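Visitor: sequence first, then the predicted structure:
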Amino acid sequence: FFVNMLALRADLSGDPTWAELLGRVREESLGAYAHQDLPFERLVDELHVERSLVHAPVFQVTFALDRSRPHEALALGGLSVEPFAGGAGVAKFDLDLGFLESGDALTGVLEYRADLFEAETIGRMAGHLEVLLEAMAFAPTRRLREVPLLRGAERAQVLEGWNATAREYPRGRCIHDLVAEQARRTPDAPVVLFEGRALSYAALEEDAGRLARRLRRHGVGPEVRVGISLPKGPEMAVAVLAVLQAGGAYVPLDPAYPAERLEYVLRDSGATLVLTLAPLAGRFAGGPPVLALDALPPEPEAGPESGIAPDPDNLAYVIYTSGSTGQPKGVAVPHRALVNLATDMAGRLGLRPDDRLLNFASLSFDVSVEEIFTAWVTGAAVVLSRAELFAPGALREVVEREGVTSFELPSAYWTEWVRELREDGRGVPPGVRFVRVGGERVAPEVLREWARLGVPLVHVYGVTEATCTSAALWLEAGEDAGERGSLPIGRPTGNVRLYVLDGSGEPTPVGVPGELYVGGEGVARGYLGRPGLTAERFVPDPFGGEPGARLYRSGDRVRWLADGTVEFLGRMDTQVKLRGFRIEPGEIEAVLREHPGVRDAVVVVRADVQRLVAYVVAEEGAELERGALRGYVAGRVPEYMVPGAFVVLDALPLSVSGKVDRRALPAPEQGSDGEYVAPRTPAEEVLAAIWAEVLGVERVGI
């Protein structure tokens, strides 16, 4: 046997030049040749590598350079040698690159495992190798990161072809102008439905106008922020529209949030006024003036309109998201971004005046923006819902009672709902034209179940910093994900551009992971009052061509697929999404470290229990009770950010570099004496009971 495999490891650290890289590879190769007499099989035995029938041990990619000539005889003493055909051409490794040196030319062959790679992928890979070889030959002093892999038509495709999303929209208008126009077209049509109460477009305009005049007298105008802390109901809808009509920007203050969180948002946003109800007014004592909408004195006779009308670049709203530094950050979104979103998604989804859209999300969650305003610019009605929809069966009851035709669900909730539909056998409520799902990855097996239900599904992707929805994928009734490992987030929406860039800011080829950058009309102004963080996450756009245009760095790891859709692969930082909510574990960790008995803390999402788990180290002499820790955190962050389990450790496990080794954190023990686990939601209780019956056991951990 004339072949002995040498396992080589390339070192690309420090961003070397091509010449430096070649020097490193040469030294690595010479070192391997010095020990080439050691059989590879012996090396595998010494390394105690776990063997697998799926792939070769130690390496799966091979390289060979053959300097022999096919026409030259190989001299082996008295033996005669002649070539023969290689047979059926079965790949021995995942990827095998071979070169034959012939004069001044190299002829290369790429063999690949067909169940891992598409032929088109290998073709692109060969083209990229050609680009790198040219750079190596003609510019050996350039650094690796300075050589873009893409050029010509392939580069134009990912930068321009798949981003050809330009469309007309009412650029010179504000969102409340479009709602007013719709009210003139359909004054008597319902605009808000809530627990048997209906508000017409004409009534919404009249009530909002009356409140807007009062707000102007309180100094509300362009760039002035107004807090809204109201439960779901017609009053909330009136307050939102009134703030916009007055020229201001609304700041949602969810009544369910802890007082400390509300105080921070009010202070950080610079809100000059709070709209709420009398029973909630005491929560804002010591802050800006409060208007209790259920206790307002009579409105004086309407006088001439006063105040300065906002323009499309003025703020429409500020929504706060979880912050990695330990504090929430306010995303400032202008009218033009909201107008583009509402009109584009209304057209993309084919919304009609007879549609009824369910408002599932809280006003403090950016999905509410799309749920409400896409309906209001088309003459459709918004059905407001309370949190009880999370209980099993409640969603169907509301949808059937109110005649809901469409709604958007976080993917985790949608997954549970699909299973519920399968169990009760009744299918999707009649009248539902399509369902939107987003927030996390969608599992193919759940998609296959959904396909049997015969209702279109729209997979949406977005971030608060790019005005809710930036990409969408429409699946027709009965269509599933096929053999995909996950459902793509789709293609960019109207006037939105998506770029998948590497660490040097260069576009990555199809199939190669990179960070998703979002450009176009949806990009927010930035983080309110945080110029440093804004400059870090909102960067100049080198591809769009518009002066001053910026891209938002999403922190999401994605890749282009060959059909022009984008596939989500995970996060590039510690940010997570759980049940549709974007969460920065660093914010929860910062809260825990403020506890007098906690020395250190780490918060992660455990895939094995599908919930947030907090790992805490106690101060010397302190005793930490899990229930008390939960109560402490619950008083400072929204409910969806409260860890479901708390694990007390003597010390956090560290890697050799001194950083927390998150992979070494122990799994929480469900229901053990030393472990506190949050109470299940009603949906989880039902799911656990179903699985317990199926498995024939007393209890199942969810």
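Guide: Structure received. Numbers count the residues shown, from 1 in each chain.

Visitor: which pLDDT value belongs to G307?
Guide: You'll see G307 listed with a pLDDT of 63.

Visitor: and for the one 3 residues further on?
Guide: Residue-level confidence at P310 comes out at 88, pLDDT.

Visitor: cool, R214 as well?
Guide: 94.

Visitor: residues near the closest residue to it other than its chain neighbours, how many?
Guide: Among residues not flanking R214 along the chain, E299 sits closest, at 6.6 Å (CB to CB, 6 or more residues apart in numbering). From N, CA and C alone the C-beta is placed, and that goes for glycine too. Using other CB atoms under 10 Å, E299 has 10 other residues around it.

Visitor: most residues in a single helix of this structure, which one?
Guide: If you go by DSSP state H, the chain has its longest helix at helix 119-138.

Visitor: in terms of secondary structure, what does that one contact?
Guide: Counting contacts by 3 or more CB pairs under 8 Å, 6 or more residues apart in numbering; DSSP states H and E, helix 119-138 is packed against helix 18-33, strand 105-112.

Visitor: one step back: contacting residues for the residue nearest to R214?
Guide: R210, R213, R214 (CB atoms under 8 Å, 6 or more residues apart in numbering).

Visitor: ranges for the strands of the stretch 301-450 of the chain?
Guide: 315-321, 329-334, 356-359, 381-384, 406-410, 434-438 (DSSP state E, counting those that start in this stretch).

Visitor: Q36 is nearest to which of those strands?
Guide: With CB to CB, the closest approach to Q36 among the strands of the stretch 301-450 of the chain belongs to strand 434-438: 54.3 Å.

Visitor: make sure G286 is indeed in a strand.
Guide: No - per DSSP: H, G, I helix; E, B strand; the rest coil, G286 lies outside any strand segment and is coil.

Visitor: what's around it, how many residues?
Guide: Count around G286 with other CB under 10 Å applied: 6.

Visitor: quick one: the strands in the stretch 51-200 of the chain?
Guide: For the stretch 51-200 of the chain, applying DSSP E, counting those that start in this stretch gives strands covering 61-66, 95-102, 105-112, 190-194, 197-200.

Visitor: how far off strand 95-102 does the third one point, in degrees?
Guide: Angular relation of strand 105-112 and strand 95-102 on a 0 to 180 degree scale: 160 degrees, by axes from the mean of the first three to the mean of the last three CA atoms, to 10 degrees.

Visitor: helix, strand, or coil at the residue nearest to R214?
Guide: coil.

Visitor: distance of it from G520?
Guide: Using CB to CB, to the nearest Å, we find E299 at a distance of 41 Å from G520.

Visitor: quick one: average pLDDT of the lengthiest strand in the chain?
Guide: In the chain, ranked by residue count with DSSP state E as the criterion, the top strand is strand 550-560. On average, the pLDDT along strand 550-560 is 93.

Visitor: check which helices and strands it sits against.
Guide: Using 3+ CB pairs under 8 Å, 6+ apart, strand 550-560 sits against strand 496-501, strand 514-520, helix 531-537, strand 538-540, strand 566-571.

Visitor: now render those as a markdown table, adding mean neighbour count, distance to F59 and mean pLDDT.
Guide: As requested, these are exported to a markdown table (neighbours: other CB atoms under 10 Å; distance: least, CB to CB, whole Å; pLDDT from 0 to 100):
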| stretch | mean neighbour count | distance to F59 | mean pLDDT |
| --- | --- | --- | --- |
| strand 496-501 | 24 | 28 | 97 |
| strand 514-520 | 24 | 25 | 96 |
| helix 531-537 | 14 | 39 | 95 |
| strand 538-540 | 15 | 38 | 96 |
| strand 566-571 | 18 | 24 | 85 |
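
Visitor: so for Y615, which of those sits nearest?
Guide: Among the helices and strands packed on strand 550-560, the nearest to Y615 by CB to CB is strand 566-571 (19.1 Å).

Visitor: give the contact list for the residue lying closest to M136 once chain neighbours are set aside.
Guide: Of all residues not flanking M136 in the chain, W18 sits nearest, at 4.6 Å (CB to CB, 6+ apart). Residues near W18 by CB under 8 Å, 6+ apart: A135, M136, A139, P140, T141, R142, R143, L144.

Visitor: about what we covered before: centre of the chain to the longest helix of the chain, how far?
Guide: 32 Å (CA atoms, centre = their mean, to the nearest Å).

Visitor: could you number the chain from 195 rather than 1 from now on?
Guide: That works, and once the first residue is 195, the last one we named lands at helix 313-332.

Visitor: buried residues in that helix?
Guide: T315, R318, M319, H322, V325, A329, M330 (16 or more other CB atoms under 10 Å).

Visitor: residue ranges with poor pLDDT in the stretch 345-494 of the chain?
Guide: Within the stretch 345-494 of the chain, the stretches with pLDDT under 70 are 494.

Visitor: now the helices for it?
Guide: Secondary structure of the stretch 345-494 of the chain (DSSP state H, counting those that start in this stretch): helices located at 346-353, 369-379, 395-411, 428-439, 453-463.

Visitor: I'd say R361 and N689 touch.
Guide: Yes - counting by CB atoms under 8 Å, R361 touches N689, with 6.1 Å between them.

Visitor: element containing W668?
Guide: For W668, the host element (DSSP states H and E) is strand 665-669.

Visitor: tell me which strands that strand pairs with, and in which orientation.
Guide: According to DSSP bridges, strand 665-669 forms sheet pairs with strand 651-655 (antiparallel), strand 685-686 (antiparallel).

Visitor: need those in CSV with mean pLDDT and mean neighbour count, can you?
Guide: CSV is the format used below for the strands paired with strand 665-669 (pLDDT from 0 to 100; neighbours: other CB atoms under 10 Å):
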stretch, mean pLDDT, mean neighbour count
strand 651-655, 94, 23
strand 685-686, 97, 22
